[in-house]
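okay, predicted coordinates and the sequence, questions at the end:
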Amino acid sequence: MKAKVYVTLKPSVLDPQGKAIQHSVELLGFAGIADVRQGKYFEIALDGSLPETEAREAAQRMAREVLSNPVIEDYRVEIES
Amino acid sequence: MKFGVIVFPGSNCDHDAYHVISKHVGQPVDFIWHRDTDLSEYDAVIIPGGFSYGDYLRAGALARFSPVMNSVREFADEGNLVLGICNGFQILCEAGLLPGALIRNRNLHFICEHVNVRVETTETPFTNQLNGGSVLRIPIAHAEGNYVCDDETLDELQREDRIVFRYCDAQGVVSDAANPNGSRDAIAGICNRDRNVLGLMPHPERACEDLLGSTDGRDIFRSLAATLAATV
């Protein structure tokens, strides 16, 4: 079982890295890009001892308390069995 | 009075802070390893600059889970003085001892230069020997010093006189051009509601010697010592 956690900056927080990335891909010739936001992706391998509901709760706690900073970031958790 | 300087794996301004306390403040000071948890013999604790845990995940994010941080929280809750400099400020925000967060500088650069900061309040144990509105020339050295917080928090910081330092020009004028990293409201340092915890991005410990180009940082440590002398 695997927990996948996506951490993204809140829409209200400016993302200077995303802006720089957008500029670079535009220099490569890609057009029509409205915005680029950079985030983080975590894969947490679980040993399967927890049922899915509990694994999801645990992953959400990890995402909330460690992987993201709630002041500036949102998170989303997916469980893959 | 006795000072403690906390050392995390990756701290690199710990010796500077130690030097300033022992040489310029003239008080006993110990290094405190991040696994230690007993702060009972200290009157003030400094969380120094550096790259604790290599800035992995987010600057200051992993240091928050070091054993010493629970003790720092209790130490602060008891009203003792905690000063977080640069990475120390980031750690205090991550730990929730100060509001807001520090994100990547708006120009994406690691900025290492002397900047001017204005003393916004002298009503703190860290600034009571300074003149309100005076301009200090102190170096910054960070990539994540761009202070962000929500509107409600900013309003609270302003209303409660908790913005302690703002970036400004040499004349003390706050402007976008004088804001090196894009910090909201030009914030360079803030304190908590009880005013015993201060976090700032500039490095006052690097501005205590003529040889280093500025001695403007000394009065911050002198304020700390004066506060303790009056209470300890």
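Everything's here; your move. Source: prediction; values computed, not measured.

switch to C-alpha atoms for all contacts and neighbour counts from now on
OK.

now the strands for the chain?
All of this refers to chain A. Applying DSSP state E to chain A gives strands spanning A:2-9, A:39-45, A:73-80.

that was the other one, I meant chain B.
Going by DSSP E, chain B shows strands at B:3-7, B:29-33, B:44-47, B:81-85, B:101-103, B:111-119, B:135-142, B:146-148, B:163-168, B:187-191, B:197-200.

burial check on A:Leu67, number of neighbours?
24 (other C-alpha atoms under 10 Å in any protein chain shown).

got the residues of chain B near chain A?
B:57, B:61, B:94, B:100-101, B:104-108, B:148-149 (C-alpha under 8 Å from any C-alpha of the partner chain).

quick revisit: I'd like the strands of chain B laid out as TSV, including mean pLDDT and distance to B:Asn179.
Converted to TSV, the strands of chain B look like this (pLDDT from 0 to 100; distance: least, C-alpha to C-alpha, whole Å):
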stretch	mean pLDDT	distance to B:Asn179
strand B:3-7	98	29
strand B:29-33	98	33
strand B:44-47	98	24
strand B:81-85	98	18
strand B:101-103	97	14
strand B:111-119	98	9
strand B:135-142	98	12
strand B:146-148	97	10
strand B:163-168	98	6
strand B:187-191	98	9
strand B:197-200	98	14
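
would you turn these into TSV with distance to B:Glu209?
Formatted as TSV, those follow (distance: least, C-alpha to C-alpha, whole Å):
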stretch	distance to B:Glu209
strand B:3-7	19
strand B:29-33	19
strand B:44-47	19
strand B:81-85	18
strand B:101-103	28
strand B:111-119	14
strand B:135-142	11
strand B:146-148	27
strand B:163-168	21
strand B:187-191	21
strand B:197-200	19
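
list only buried entries from the residues of chain B next to chain A.
B:61, B:94, B:100-101, B:104-106, B:108, B:148-149 (16 or more other C-alpha atoms under 10 Å in any protein chain shown).

tell me which of those fall in helices.
Using DSSP state H, the subset of these located in helices is B:Glu94.

and the contacts of stretch A:30-45?
The contact list for stretch A:30-45, computed with C-alpha atoms under 8 Å, 6 or more residues apart in numbering or on different chains, reads A:1-9, A:15, A:17-19, A:21-22, A:26.

repeat that for 7 Å
Defining contact as C-alpha atoms under 7 Å, 6 or more residues apart in numbering or on different chains, one finds that stretch A:30-45 is touched by A:1-9, A:15, A:17-19, A:21-22.

in it, which residues are buried?
A:36-37.

starting at the chain centroid, how far to that stretch?
On the basis of C-alpha atoms, centre = their mean, to the nearest Å, stretch A:30-45 sits 8 Å off its chain's mean C-alpha point.

ok so, going back, B:His114: which of the buried ones among the residues of chain B next to chain A is nearest?
B:Asn105 (15.8 Å; C-alpha to C-alpha).

can I get stretch A:64-80 as PDB, trimmed to CA atoms?
Taking Å, rounded to 0.1, in the frame of the first residue of the first chain, the C-alpha atoms of stretch A:64-80 are listed here in PDB:
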ATOM      1  CA  ARG A  64      -0.900  18.200   7.900                       C
ATOM      2  CA  GLU A  65       1.700  18.100  10.700                       C
ATOM      3  CA  VAL A  66       5.000  17.500   8.800                       C
ATOM      4  CA  LEU A  67       4.800  17.500   5.000                       C
ATOM      5  CA  SER A  68       2.900  20.800   4.600                       C
ATOM      6  CA  ASN A  69       3.000  24.100   6.400                       C
ATOM      7  CA  PRO A  70      -0.700  25.100   6.800                       C
ATOM      8  CA  VAL A  71       0.200  28.800   6.800                       C
ATOM      9  CA  ILE A  72       1.200  28.600   3.100                       C
ATOM     10  CA  GLU A  73       0.300  25.200   1.700                       C
ATOM     11  CA  ASP A  74      -2.600  22.900   1.000                       C
ATOM     12  CA  TYR A  75      -2.300  19.100   0.700                       C
ATOM     13  CA  ARG A  76      -4.100  16.200  -0.900                       C
ATOM     14  CA  VAL A  77      -3.700  12.600   0.000                       C
ATOM     15  CA  GLU A  78      -4.300   9.500  -2.200                       C
ATOM     16  CA  ILE A  79      -4.100   5.900  -1.100                       C
ATOM     17  CA  GLU A  80      -3.000   3.300  -3.600                       C
END
